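Undergrad: Output the structure for:
(2 chains)
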Number of protein chains: 2
Amino acid sequence: MIDDGLTYTEFHSKGMGLILRLKRCITSFDTKFQRLDLYETLDFGKLLTLDNLVMVTEKDEFIYHEMIAHVPLFSHKNPENVLVIGGGDGGTVREVVKHKTVKNVDMVEIDEDVVKISKKYLPTMSCELDNPKVNLYFQDGVKWVEDKENYYDVIIIDSTDPVSIGEGLFTSEFYRNCLKSLKPGGVLANQTESPFHNPEWVEATYKKLKKVFPIVKMFTAYVPTYPAGVWSFGFCSKDVDPIENFQEERYKEYNLKLKYYNNDIHKGAFAVPQFVKELINKSEV
Amino acid sequence: MIDDGLTYTEFHSKGMGLILRLKRCITSFDTKFQRLDLYETLDFGKLLTLDNLVMVTEKDEFIYHEMIAHVPLFSHKNPENVLVIGGGDGGTVREVVKHKTVKNVDMVEIDEDVVKISKKYLPTMSCELDNPKVNLYFQDGVKWVEDKENYYDVIIIDSTDPVSIGEGLFTSEFYRNCLKSLKPGGVLANQTESPFHNPEWVEATYKKLKKVFPIVKMFTAYVPTYPAGVWSFGFCSKDVDPIENFQEERYKEYNLKLKYYNNDIHKGAFAVPQFVKELINKSEV
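TA: Purely as a prediction, here's the structure:
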């Protein structure tokens, strides 16, 4: 037990938080958009924070990245053209390119420094960012979808919280542009915060999503270093149901060596606790 | 934001833990068996710890208690006679007596002080401990099941961790006695620790359970104040499958006002992440 030295503490409500023991700070600076810190933790590998919020740790990032990528991709009949908004660490893209059908991935990340730091220090996440199928654009995802029409099979919004630079990725106008950017049969997945600590964000987000997309479902996953240890994701589409249209045969055929996602989880993750169900139903229009 | 004053910190691995801001300590003493502390937290209500491990907070206890009670009870055809081992705070019994079929609940808690403190300070949990259907026995649960045979419909093991006084509740001999104590069609649920932080405990426990019970499944729930925010439970029986034998009609008929458990969760909770599946499969005999 190390009792002296550096710790990282993040309160997720006024009175409840996460504490991580650190070996050292690797780098700490202000990018054009946000404060970026990279730490070596005692037993969670490297930790990346943006504006003092945990983005990823090397130990548990697999959960978030597998879930935000494979749930939409294994719900789509034949995903070829994929857009990832945000996701500068590269973890989402690493999962997306595991799908053999995928021919092109546009990754639109506003903050080039996140990608630079990830390429330098987080190779297990950034390992596919130089894959020839992947195009990196350091631009605002909100603007990116404004002029796209009938273009992507899958859109994944791997954003920060709905504050400061992440805010535009939680608006009705952005969602409408995403819908317009999707081809028929297309699906969108986005991170939709912690239903336990941020019920008001969750309620507001689903209200907006449901006004735009004909099909909106929530799925969840355990992420130990995220608030309350549970994270929610939105599944949105015109015409694809994640359970009915689950491409289980393709999942079995691929035989990916994943650590969190599997065919049971694909279906079970859509079972949400009663208090969350009521929160989302409040947002029925 | 309160920056000064009392905090409760619990490390769940060497380097990762939970931190809770406290208003004050209500009581702190050594019972015959363990150290007991009761705190008023800033925003999680009252917090009970035993040997410096979070047992319950008023804010999130509903999750653990609903899941450990309703999953086995709604899997049983007609649960009349129920045994709860441990569970001194009363939260599990509160959920059990919501089932109209239940005629008798034996609660066997080794530490009378836990019940006393709960009755005095945690009324929302202990509220059904004086229910005429409930018999309290301040005895060792390990001994209790030694001479029972073909007696209970449902056994719920609401124990502390498999260390010190909780240890006997994680042995093969105890599990064999539980099996013997169950009637045909009987089911047992027990808390089986955090698969993320304590994989070795989980593996060892399921190995033992599988040697004793013909049917052994794991289900999980989000518990924000427990290690890694995810908790696992065992579902064990001779002949009852929790999904195939789910008494969904009874669930609908009861129309209980629950906050976590529902019919989707009953089924979805048995979908476990791939790394957990592999952990349990390791224990195949």
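
Undergrad: Any idea which residue of chain A lies closest to chain B?
TA: Closest residue of chain A to chain B, Cβ to the nearest Cβ: residue A:229 (1.3 Å). (Glycine included, C-beta is placed from N, CA and C.)

Undergrad: hang on, isn't that residue packed against residue A:197?
TA: No: applying Cβ atoms under 8 Å, one finds residue A:229 not in contact with residue A:197, separated by 10.3 Å.

Undergrad: If you count neighbours, what's buried in stretch A:96-114?
TA: By 16 or more other Cβ atoms under 10 Å in any protein chain shown, the buried positions in stretch A:96-114 come out as A:96-99, A:101-102, A:105-111, A:113-114.

Undergrad: Among those residues, name the ones in strands.
TA: A:105-108 (DSSP state E).

Undergrad: how about the residues of the stretch 151-285 of chain A near chain B?
TA: By Cβ under 8 Å from any Cβ of the partner chain, the residues of the stretch 151-285 of chain A that approach chain B are A:196, A:220, A:222-225, A:228-230, A:258-262, A:264-265, A:267-275, A:277.

Undergrad: got the phi/psi numbers for the closest residue to the residue of chain A closest to chain B other than its chain neighbours?
TA: In space, residue A:229 comes closest to residue B:229 once its chain neighbours are excluded; the distance is 1.3 Å by Cβ to Cβ, 6 or more residues apart in numbering or on different chains. Dihedral pair for residue B:229: phi 70, psi 0, per degrees, to the nearest 10.

Undergrad: Could you report the neighbour count for residue B:229?
TA: By other Cβ atoms under 10 Å in any protein chain shown, 28 other residues sit near residue B:229.

Undergrad: Same question for residue A:214.
TA: Counted with other Cβ under 10 Å, residue A:214 comes out at 11.

Undergrad: Contacts only, for the residue nearest to it when sequence neighbours are not counted.
TA: In this structure, residue A:214 finds its nearest non-sequential neighbour in residue A:238, 5.5 Å apart by Cβ to Cβ, 6+ apart. Counting by Cβ atoms under 8 Å, 6 or more residues apart in numbering or on different chains, residue A:238 touches A:179, A:182, A:184-186, A:213-215.

Undergrad: Sort out for me which of the residues you listed are in helices.
TA: residue A:179 (DSSP state H).

Undergrad: show me the contacts for residue A:75.
TA: Applying Cβ under 8 Å, 6+ apart, we find residue A:75 in contact with A:187, A:235, A:237, A:240-242, A:245-247.

Undergrad: Pipe those residues into a markdown table and attach pLDDT, distance to residue B:166 and secondary structure per row.
TA: Putting those into a markdown table (pLDDT from 0 to 100; distance: Cβ to Cβ, whole Å; DSSP: H, G, I helix; E, B strand; the rest coil) gives the following:
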| residue | pLDDT | distance to residue B:166 | secondary structure |
| --- | --- | --- | --- |
| A:187 | 98 | 45 | strand |
| A:235 | 98 | 40 | strand |
| A:237 | 98 | 47 | strand |
| A:240 | 98 | 47 | coil |
| A:241 | 98 | 44 | coil |
| A:242 | 98 | 40 | coil |
| A:245 | 98 | 45 | coil |
| A:246 | 98 | 40 | coil |
| A:247 | 98 | 44 | coil |
